[in-house]
Structures are given as structure tokens and as C-alpha cells.
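Trainee: how would this look folded up:
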Amino acid sequence: MLLHLSTWQEIEAYLQRSKTVVVPIGSNEQHGPTGLLGTDWLCPEIIAHEAQKDSDLLIAPTFNIGMAQHHLGFPGTISLRPTTFIAAIGDWCRSLAGHGFEKIYFLNGHGGNVATIEAAFSELYAEASFARAERGFACKLKNWWELKGVNALAQRQFPVGHGSHATPSEIAVTQWAYPGAVKTAEYSPQIAPTGPIREAVDFRARYPDGRMGSDPALATPEKGGELVMLAAAGLVEDVAAFAAEPFPARG
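Mentor: Below you'll find the predicted structure:
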């Protein structure tokens, strides 16, 4: 079930049977010569939308701008400041919690988001603590590649040249979902260098074509489909476990 394609009455009815919602979250940033700029938000969206087809999951609109300042040396990248990101996540969660959602699950597609999302959760929990909130709520962050079996499959598919940015696994996922947007390029070197991540000028100088340790030419739509199906099954299982976590009785 997709929240943005539902009416308010349908969401009201959903809340009678579940208090859990999934928010795909990522970043709009360069992904090398063949990676789509939306890769980091498309991957969690693709997986979440696939997962809800055969399960009773509610998927919120995708939060598609994140922490990408180090990619700003490449045209098309859009980034938020950490304070802006924290504030926006907070308002999404307050909006959803205000309707009665008690479990808010963020499926993430960008490693650079993790620290700031966790900081946003800390702000929300502190706010609830100081207000002595009577109703429980919980937030959870999960990177899509950490869903059950996904990283192991990616390592089998791409034992060499997987890397850490513009990886063949994430590009394969977008190729499967958007076959009309598959790009090709000649890479030199075939496997990109790797190293630290700092600010935008430094990043562009270290990684001229945007890749980090990866060979995206290894990606295929077929491998992407395998990753999506496994990740979708893992998401259903992980969200179910999160939804089943009880809140302790409050005095």
C-alpha cells in the first residue's frame, strides 16, 4: 500500500490494523558515469514498492534528498545541511506519529545519511522524554544492503570490483527497475581508487569520475532483480519483527 496513492480514509482504516509505516530514504547524488543521480533513493524505493505488492506494508513517499555535500563537485547533486536534514526527519516523524503511527521504519540507501538520521532519532527521543510522553513510539534505520542475505548475495555476484560508491549492486537494482535508463561507459582504471571522504573539492580531485573502488560495468538487470527480490523478502520480515516489538507498560 502506497501512502501517496491512498486517501485519508484508507490510511485511517490502515491504522486500525497496523501502526507501522516504512519510509524509503536516500540521496540525490552522482554515481559515476553510468549511475543514475537518484540511485541512493531509487534503490530503497524500488525494494519497498516491490515488498508491498504481496504484503500488508504501508510505504510513505520517498525522502529523496540527504547528506551529499562531498558530491557537490558533480552537477546534479543536491544536498542538505545536517541541521536541515535532522529538522526535516523530525517533522516527518511528528506528522506520522500525530496520526497514530507508533513504529516508523526508515529503509536507507545512502551510507552518508546514517549518522544524521540517528541524530534525528535522538532528538525525537529527547523531546518525548522531556515531555513525559504517555504513548510509546519507535524509529528504526535499516540500510537496504543489510537486509537478510543481501550483502552476501552482492559479494557472490561481484567478488571483485564491488567498492563502496557507484557499486555494481546498486546500479544493477536501478537497471532492473528502469531498463530504459541503462548507461554504458569506458572506465579507466576499470576498478576505481578508494580512500577518504572529506569535502567536495577534495572528493572530485581524488575520484575524478565519481566512483570509489567500484567497477559498475559488472552490473546487469538480472543481478539487480535477484537483489531486489531477496531484499524485498528481507524487508517484509524485518518490518514484521519491528512491528511486533511490544512497548512496556507505563505507570
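Trainee: all strands for the stretch 101-250 of the chain, in order.
Mentor: Per DSSP state E, counting those that start in this stretch, the stretch 101-250 of the chain carries strands over the ranges 103-108, 138-143.
Trainee: where does pLDDT dip in the stretch 151-251 of the chain?
Mentor: Residue ranges of the stretch 151-251 of the chain with pLDDT under 70: 250-251.
Trainee: most packed of the strands of the stretch 101-250 of the chain?
Mentor: Here the criterion is mean neighbour count by mean count of other CB atoms under 10 Å, and of the strands of the stretch 101-250 of the chain the winner is strand 103-108, at a mean of 25. Every residue, glycine included, has its C-beta placed from N, CA and C.
Trainee: show me how far that strand is from its chain's centre.
Mentor: 9 Å (CA atoms, centre = their mean, to the nearest Å).
Trainee: so which of the strands of the stretch 101-250 of the chain gets nearest Trp176?
Mentor: strand 103-108 (17.0 Å; CB to CB).
Trainee: what is that closest one packed up against?
Mentor: strand 20-25, helix 39-51, helix 82-98, helix 114-131, strand 138-143, helix 221-244 (3 or more CB pairs under 8 Å, 6 or more residues apart in numbering; DSSP states H and E).
Trainee: so Asn151 touches Trp144, yeah?
Mentor: No: the pair Asn151 and Trp144 fails to qualify as a contact (CB atoms under 8 Å) at a distance of 9.9 Å.
Trainee: ok, those two, which is more surrounded?
Mentor: Trp144 (28 against 16; other CB atoms under 10 Å).
Trainee: for the more buried one, give me its contacts.
Mentor: By CB atoms under 8 Å, 6 or more residues apart in numbering, Trp144 lies in contact with Cys43, Pro44, Ile47, Leu107, Asn108, Gly109, Val150, Ala231, Leu235.
Trainee: isn't the fifth one right up against Ala115?
Mentor: No: using CB under 8 Å as the test, Asn108 is too far from Ala115 to be in contact (11.4 Å).
Trainee: sorry, back to before: any chance of a markdown table for the strands of the stretch 101-250 of the chain, columns distance to Ala131?
Mentor: Shown next, in a markdown table, are the strands of the stretch 101-250 of the chain (distance: least, CB to CB, whole Å):
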| stretch | distance to Ala131 |
| --- | --- |
| strand 103-108 | 17 |
| strand 138-143 | 16 |
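Trainee: one step back: so which of the helices and strands packed on strand 103-108 comes closest to Phe158?
Mentor: helix 221-244 (8.0 Å).
Trainee: just give me the neighbour total for the residue lying closest to Gly73 once chain neighbours are set aside.
Mentor: Once flanking residues are discounted, Gly73 sits nearest to Arg204: 3.4 Å by CB to CB, 6 or more residues apart in numbering. Other residues near Arg204 number 17, with proximity taken as other CB under 10 Å.
Trainee: cool, Gln190 as well?
Mentor: Residues near Gln190, counting by other CB under 10 Å: 12.
Trainee: OK, contacts around the residue nearest the centre of the chain?
Mentor: Centrality entry for the chain: nearest residue to the mean C-alpha point is Asn108, 2.1 Å, by CA atoms, centre = their mean. Shown in contact with Asn108 (CB under 8 Å, 6+ apart): Ile25, Gly26, Pro44, Val114, Ile117, Leu141, Lys142, Asn143, Trp144.
Trainee: just send those back as TSV, with distance to Pro208 and pLDDT too.
Mentor: Formatted as TSV, those follow (distance: CB to CB, whole Å; pLDDT from 0 to 100):
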residue	distance to Pro208	pLDDT
Ile25	28	98
Gly26	24	98
Pro44	28	99
Val114	26	98
Ile117	29	98
Leu141	32	98
Lys142	32	98
Asn143	27	98
Trp144	28	98
